[in-house]
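Asker: pasting a predicted model and its sequence here:
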Amino acid sequence: MIIRQKSPKYSSIQLSALLLAGALSGCASYMPYSGPRASSMEDVAHNKTLAGIQLVDVNYAVAHYLQQKVERPNLNLLRDFMNPHPLSYTVGPGDTLQVYVWEAPPAMLFASSTASMSTPSGSIMTTIPDQMVGSDGDLVMPFAGKIPCTGKTLNEIGAEIKTRLIPMAHDPQVVVRLVKNHAQSITVVGNIKNSAEIPMIPGGVSVLQAIAAAGGVVKPVNKVTIQLSRGGKVLQLPLEEIIRNPHENISLRGGDILTALYKPLQVTVMGATKETKEVDFQASGISLAQALAQAGGLDGNQADAKAVFVFRFEKPTLLPQWPKPVQLTPAGQVPVVFRFNFSDPATLFAAQSFPIQNHDLIYVASAPITDLQKFLGLIVQIVYPIQGLSTAGIVK
């Protein structure tokens, strides 16, 4: 006797669900998503097509090191830009000088001059008319001849004149005064009320003095970056930092170009955050934690806390050792992905110190469970219409 096993019977809903599950179980990669998943970022380490991208896991030590790398170049440049002798003004072609000469009695050399006058001590003071330093850098002084002035201080010029007059005048004393400064000035431009050339003066001119002399900045202080250019070197400092830290308010030198830049700095935040947006930040900078907070933070229903990334191009000298051999872009940079594991409490300290740069991209990957939720939602959308057709007797 042949016993035939009956095949199991399924309802239309069960059959539909089984068919859909079988058809879609291998199609998770086709579920809609807003960016690379965490697994895609893992491929960076060994995928040949992604060989040029460096994946750097960030902890507090790495974040602190990068923070120091951002600050140290400015500090080193700041030392280079400091004027070691701010009180020593050096004369140059175009400057107008005035010379005063005192002679002890019996004064003879300048006594007959109409510009001479007696002092209570009996000495004779003679005022030499204003003279401009010539293009050759010399000043013509009666009886003393041509006096080299370029690169010399007022006291050094006075000492030279005195040396020349000693054989002819009785115990001469010389004082040189700067009347007009044309040789050394500071150019102040940019977001300034009145772009101007600020003359250098004995005693020096600081960054804030130059900005004040030009009428101050137009934009809010916390959104302005001051750029100092000198001899092919460029230093940029947030104006707010210069005001806050007196040691950054350095004394300038003749020929310096001071530019007030209004640079709206932005970072793009995408992925599983409460809000996808461009976050503006001040010239003084922003950390990863602050940028995420301004975007509403991670979305607790979608975000993978282990997969927070920062994308940027960096200099090849950024790290002493990269995770894998460096491949440069045509622009000579290294594409870098910084990865943060926010499920580790220690990473929160790293996020507080990690410096965000202008035009960075912050991306938060979706958690794997969200793909399952989308998959089940798709099944429900298809099953319920079939259930309605079955109830109507169309599908049996």
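Answerer: In hand now; what should we look at?

Asker: show me which strand runs longest in the protein.
Answerer: Scanning the chain for the strand with the most residues, using DSSP state E, yields strand 303-314.

Asker: who are the packing partners of it?
Answerer: helix 38-42, helix 288-294, strand 334-340, strand 361-366 (3 or more CB pairs under 8 Å, 6 or more residues apart in numbering; DSSP states H and E). All C-beta atoms are positioned from the backbone trio N, CA, C, and that covers glycine.

Asker: send me the second one as PDB with only the CA atoms.
Answerer: Coordinates of each C-alpha in helix 288-294 appear next as PDB, following Å, rounded to 0.1, in the frame of the first residue of the first chain:
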ATOM      1  CA  LEU A 288      33.100  67.100  16.800                       C
ATOM      2  CA  ALA A 289      30.900  67.000  19.800                       C
ATOM      3  CA  GLN A 290      29.800  70.600  19.300                       C
ATOM      4  CA  ALA A 291      29.000  70.000  15.600                       C
ATOM      5  CA  LEU A 292      26.900  67.000  16.300                       C
ATOM      6  CA  ALA A 293      25.100  68.800  19.100                       C
ATOM      7  CA  GLN A 294      24.200  71.600  16.700                       C
END
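
Asker: what's next to it, contact-wise?
Answerer: Helix 288-294 is contacted from outside by 267, 269, 273, 277, 279, 281, 298, 308, 310, 340, 348, 350-352, 354, 356, 362, 364, using CB atoms under 8 Å, 6 or more residues apart in numbering.

Asker: re the thing from before, would TSV of the helices and strands packed on strand 303-314 with distance to residue 52, mean pLDDT and mean neighbour count be doable?
Answerer: Listed next are the helices and strands packed on strand 303-314 as TSV, based on distance: least, CB to CB, whole Å; pLDDT from 0 to 100; neighbours: other CB atoms under 10 Å:
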stretch	distance to residue 52	mean pLDDT	mean neighbour count
helix 38-42	15	61	14
helix 288-294	24	94	19
strand 334-340	6	93	20
strand 361-366	17	91	23
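
Asker: distance of the residue nearest the centre of the chain from residue 106?
Answerer: For the chain, the residue sitting closest to the mean C-alpha position, by CA atoms, centre = their mean, is residue 236 at 6.1 Å. Distance of residue 236 to residue 106, given as CB to CB, to the nearest Å: 62 Å.

Asker: rewinding a little: okay, the residue nearest to the centre of the chain: pLDDT?
Answerer: What the model reports as pLDDT for residue 236 is 84.

Asker: I'd say residue 144 and residue 164 touch.
Answerer: Yes - at 3.7 Å, residue 144 and residue 164 qualify as touching, with contact defined as CB atoms under 8 Å.

Asker: nearest residue to residue 134 in space, ignoring adjacent ones along the chain?
Answerer: residue 93 (6.5 Å; CB to CB, 6 or more residues apart in numbering).

Asker: what residues are up against the residue lying closest to residue 181 once chain neighbours are set aside?
Answerer: Closest residue in space to residue 181, ignoring its immediate chain neighbours: residue 199 at 3.7 Å, by CB to CB, 6+ apart. Shown in contact with residue 199 (CB under 8 Å, 6+ apart): 180, 181, 182, 184, 185, 186.

Asker: follow-up on the earlier one: do you know how far the residue nearest to the centre of the chain is from residue 207?
Answerer: On the measure of CB to CB, residue 236 and residue 207 end up 12 Å apart.

Asker: next, residue 156: secondary structure please.
Answerer: helix (DSSP: H, G, I helix; E, B strand; the rest coil).

Asker: now do it against residue 149, distance only.
Answerer: From residue 156 to residue 149 the distance is 9 Å (CB to CB).

Asker: these two: which is more packed in?
Answerer: The neighbour count for residue 156 versus residue 149, taken as other CB atoms under 10 Å, is higher for residue 149 (26 against 16).

Asker: what about residue 139, how many residues close to it?
Answerer: Neighbours around residue 139, by other CB under 10 Å: 27.

Asker: please name the residues that touch the residue nearest to residue 263 when sequence neighbours are not counted.
Answerer: Of all residues beyond its chain neighbours, the one nearest residue 263 is residue 225 (5.5 Å), with distances taken as CB to CB, 6+ apart. By CB under 8 Å, 6+ apart, residue 225 lies in contact with 236, 237, 238, 239, 260, 261, 263, 283.

Asker: ranking those by neighbours, who comes first?
Answerer: Neighbour max across those (other CB under 10 Å) = residue 239, 25 neighbours.

Asker: tally of neighbours for the residue lying closest to it once chain neighbours are set aside?
Answerer: Counting by CB to CB, 6+ apart, residue 224 is the residue found nearest to residue 239 once chain neighbours are left out, at 4.4 Å. Residues within reach of residue 224, counting by other CB under 10 Å, total 23.

Asker: mind exporting the C-alpha coordinates of stretch 274-282 to PDB?
Answerer: C-alpha atoms of stretch 274-282 as PDB (Å, rounded to 0.1, in the frame of the first residue of the first chain):
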ATOM      1  CA  LYS A 274      18.300  64.400  14.100                       C
ATOM      2  CA  GLU A 275      18.900  66.900  11.300                       C
ATOM      3  CA  THR A 276      20.900  66.900   8.100                       C
ATOM      4  CA  LYS A 277      22.400  70.400   7.900                       C
ATOM      5  CA  GLU A 278      25.400  72.600   7.300                       C
ATOM      6  CA  VAL A 279      26.600  73.800  10.700                       C
ATOM      7  CA  ASP A 280      28.200  77.300  10.800                       C
ATOM      8  CA  PHE A 281      31.000  77.800  13.300                       C
ATOM      9  CA  GLN A 282      33.200  80.600  14.500                       C
END
